[in-house]
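Colleague: Need a 3D model of the following:
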Amino acid sequence: MKRLTFVAVCALSLMLSSVRAYDLPFLNLGFTSFLDGAPPAGPGFYFQNYFMYYHADKFANADGNSFPTAPKVDIVANLFQGLYVSNQKVFLGGKWGMDLIVPVANFSLDSKIPGLSANNFGIGDILIGPFLQWDPIMGKNGPIFMHRFEFQMLLPTGNYDRNEAINQGSNVFSINPYWAATLFLTPKWTTSWRIHYLWNDENTEPNEPGCSKVQAGQAIHLNFATEYEVIEKRLRLGINGYYLKQITDTKVDGNNSPNRREEVIGIGPGLLYSFSQNDHIFFNFYQELGAVNRTEGQRFIFRWTHHF
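Modeller: Next up, the predicted model:
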């Protein structure tokens, strides 16, 4: 009975202290949206810059209700991405490529909870992944379908201090492969999706006093979008969203911790403006809903894509 009580105390400590994403690491929630099935200009080198502002003043528990005296958090993050798509087919017609993302983030926390603090500014966990990109399937009036598979990994390279409740890094190795695709419903109207699976290793230096290791549960998360071309080769307007659901329990010191699975949905408007085939900007807004065991707020993302 003493052991069960100890695990419960550790679990409660984590839920009250882990503001960034509770147990799960920082994930691609809404960073990608329209025409996600392929890079816009074919093979070659790409640079993408993502700027995100996120605000939340609701910290939901297992019932979806906010904790009393919930803090407010503001996150400003910038992700630098280098991407290479080859012109060499290696497997089932897919062309190999490589993806590298380096994030930096700043946390601003307004909290009335004693001991709840943030590791304010620093580098986040680096994301790296080989991928296969398939050429678009063409029809009489242009592309019909295009897709990609990436074996993405999150490396524990980000700033992490076990004495801080909020950190840029998660202090764990994670695998986060995805399948991204775009379907052309008409030459001007498309729908896109990116479906991720997440597995996390153990954090052997968790923030919870007295706990020696925490392993976040596995999760499924996806981005989805649909848009319409309103100005030919220039402007597309649409709706974008994301959904996250943790599918296995988090483990605290090797024991399943019930009632800690995370879930949230975000949805809102977006646009894509193309200056040329080589330069594009995206703007996406998301209002989060239905949060369980995590924050619920608003997310703004501005993205620039350049093909060399």
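
Colleague: Output the below-cut-off pLDDT ranges for the protein.
Modeller: 1-21, 111-116 (pLDDT under 70).

Colleague: so where's the longest strand in it?
Modeller: Assignment by DSSP state E gives strand 72-91 as the longest strand of the chain.

Colleague: Can you spell out which helices and strands pack onto the helix or strand just after that one?
Modeller: For strand 72-91, the following helix or strand on the C-terminal side (DSSP states H and E) is strand 94-110. The criterion is 3 or more CB pairs under 8 Å, 6 or more residues apart in numbering; DSSP states H and E, and the helices and strands that strand 94-110 contacts are strand 72-91, strand 121-123, strand 127-133. In short, each C-beta sits where N, CA and C put it, glycine included.

Colleague: how about a cut-off of 6 Å?
Modeller: strand 72-91, strand 127-133 (3 or more CB pairs under 6 Å, 6 or more residues apart in numbering; DSSP states H and E).

Colleague: What residues sit buried inside it?
Modeller: Buried residues in strand 94-110, counting neighbours by 16 or more other CB atoms under 10 Å, are found at 94-97, 99, 101-105, 107, 109.

Colleague: Then stretch 118-127?
Modeller: By 16+ other CB under 10 Å, the buried positions in stretch 118-127 come out as 118-119, 122, 124-127.

Colleague: distance of Asn61 from Arg234?
Modeller: Asn61 sits 45 Å away from Arg234, taking CB to CB, to the nearest Å as the criterion.

Colleague: same deal with Gly97?
Modeller: Between Gly97 and Arg234 the computed distance is 27 Å (CB to CB).

Colleague: How about Phe308?
Modeller: Distance of Phe308 to Arg234, computed by CB to CB: 22 Å.

Colleague: so which of the buried residues of strand 94-110 comes closest to Leu183?
Modeller: Distance to Leu183 across the buried residues of strand 94-110 (CB to CB) is lowest for Gly94, with 17.9 Å.

Colleague: Does the closest one touch Phe131 like I think?
Modeller: No. Gly94 lies out of contact with Phe131 (CB atoms under 6 Å); the separation is 8.4 Å.

Colleague: Pull up the overlap in contacts between these two.
Modeller: Here Gly94 and Phe131 have no joint contacts, going by CB atoms under 6 Å, 6 or more residues apart in numbering.

Colleague: Next, count neighbours for Lys128.
Modeller: Slight slip there: residue 128 is Ile, not Lys. Counted with other CB atoms under 10 Å, the neighbours of Ile128 add up to 17.

Colleague: Begin at 168 from now on, thanks
Modeller: Taking 168 as the first residue, the last one we looked at is Ile295.

Colleague: was I right about it contacting Leu267?
Modeller: Yes. With contact defined as CB under 6 Å, Ile295 and Leu267 form a contacting pair (5.3 Å).

Colleague: What's the end-to-end length of stretch 250-268?
Modeller: From its first residue to its last, stretch 250-268 covers 9 Å (CA to CA, to the nearest Å).

Colleague: Give me the residues contacting it.
Modeller: Contacts for stretch 250-268 (CB under 6 Å, 6+ apart): 206, 210, 212-213, 246, 248-249, 294-301.
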